[in-house]
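Colleague: coordinates only, sequence not included:
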């Protein structure tokens with residue numbers, strides 16, 4: 001704005017030096033002031049419009065950032081579900097009260113307490129392996145008996 005004021009002052013000084021007729025000088029000053037008012041009014045309108053547009057953009061940006069933060073939170077939760085840092089989870093259904101809960105896999109534990117009914121539940125990490133033959137020799141023994 002300072003440069004515009006300086007340029008305006010320089011313009012007025014120049015026309016005062018070069019226009020000798022006072023009536024013509026006043027007429028030019030008046031017309032230039034009217035023209036300048038129109039230009040400044042248009043500039044204010046443009047600045048107001050641009051400020052409004054910038055505010056809309058900032059609001060949209062804030063909305064996008066909020067959505068991205070929400071998505072990041074969901075992604076982090078998915079990542080935690082997929083890549084558990086504490087090891088593998090094991091789902092248990094209490095045989096006493098049917099309450100379902102999750103514990104970390106720890107094959108050194110032999111029992112766990114149900115958080116609902118407080119009964120102790122025996123853990124058998126090898127459950128189901130006793131039903132399978134230990135090796136293929138068991139099948140070959142049957143063939144030998146024939």
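Modeller: It's in. Remember, predicted model here, so these are calculated numbers, not experimental data. Numbers count the residues shown, from 1 in each chain.

Colleague: Which elements pack onto the host helix or strand of residue 3?
Modeller: Secondary structure assignment for residue 3, by DSSP states H and E: helix 2-18. Secondary-structure packing of helix 2-18 (3 or more C-beta pairs under 8 Å, 6 or more residues apart in numbering; DSSP states H and E): helix 22-82. In this view, the C-beta of every residue, glycine as well, is placed from N, C-alpha and C.

Colleague: Can you name the element that comes right after the helix it packs on?
Modeller: strand 89-93.

Colleague: related to what we said a few turns ago, angle of the helix holding residue 3 against helix 22-82?
Modeller: Computed with axes from the mean of the first three to the mean of the last three C-alpha atoms, to 10 degrees, the direction of helix 2-18 lies at 170 degrees from that of helix 22-82.

Colleague: Mind listing what's buried along helix 2-18?
Modeller: By neighbour count on 16 or more other C-beta atoms under 10 Å, the buried set for helix 2-18 is empty.

Colleague: worst-scoring helix or strand of this protein, pLDDT-wise?
Modeller: Between all helices and strands in the chain, the lowest mean by mean pLDDT, DSSP states H and E belongs to helix 137-145, at a mean of 47.

Colleague: Is the nearest residue to residue 89 once chain neighbours are set aside in a helix, a strand, or coil?
Modeller: Distances taken as C-beta to C-beta, 6 or more residues apart in numbering put residue 102 closest to residue 89, at 4.8 Å, once the chain neighbours are dropped. Secondary structure state of residue 102, per DSSP: H, G, I helix; E, B strand; the rest coil, is strand.

Colleague: and residue 102, bridged to which residues?
Modeller: residue 91 (DSSP bridges).

Colleague: on that earlier part again, tell me the gap between the helix holding residue 3 and the middle of its chain.
Modeller: 53 Å (C-alpha atoms, centre = their mean, to the nearest Å).

Colleague: re the thing from before, how many residues are close by the residue nearest to residue 89?
Modeller: Close neighbours of residue 102, defined as other C-beta atoms under 10 Å, add up to 8.

Colleague: likewise the one 10 residues further on?
Modeller: Neighbour count for residue 112, taken as other C-beta under 10 Å: 16.

Colleague: so what does the helix or strand harbouring it touch, helix or strand wise?
Modeller: With elements taken from DSSP H and E, the one containing residue 112 is strand 111-113. Applying 3+ C-beta pairs under 8 Å, 6+ apart, one finds that strand 111-113 contacts strand 120-122.
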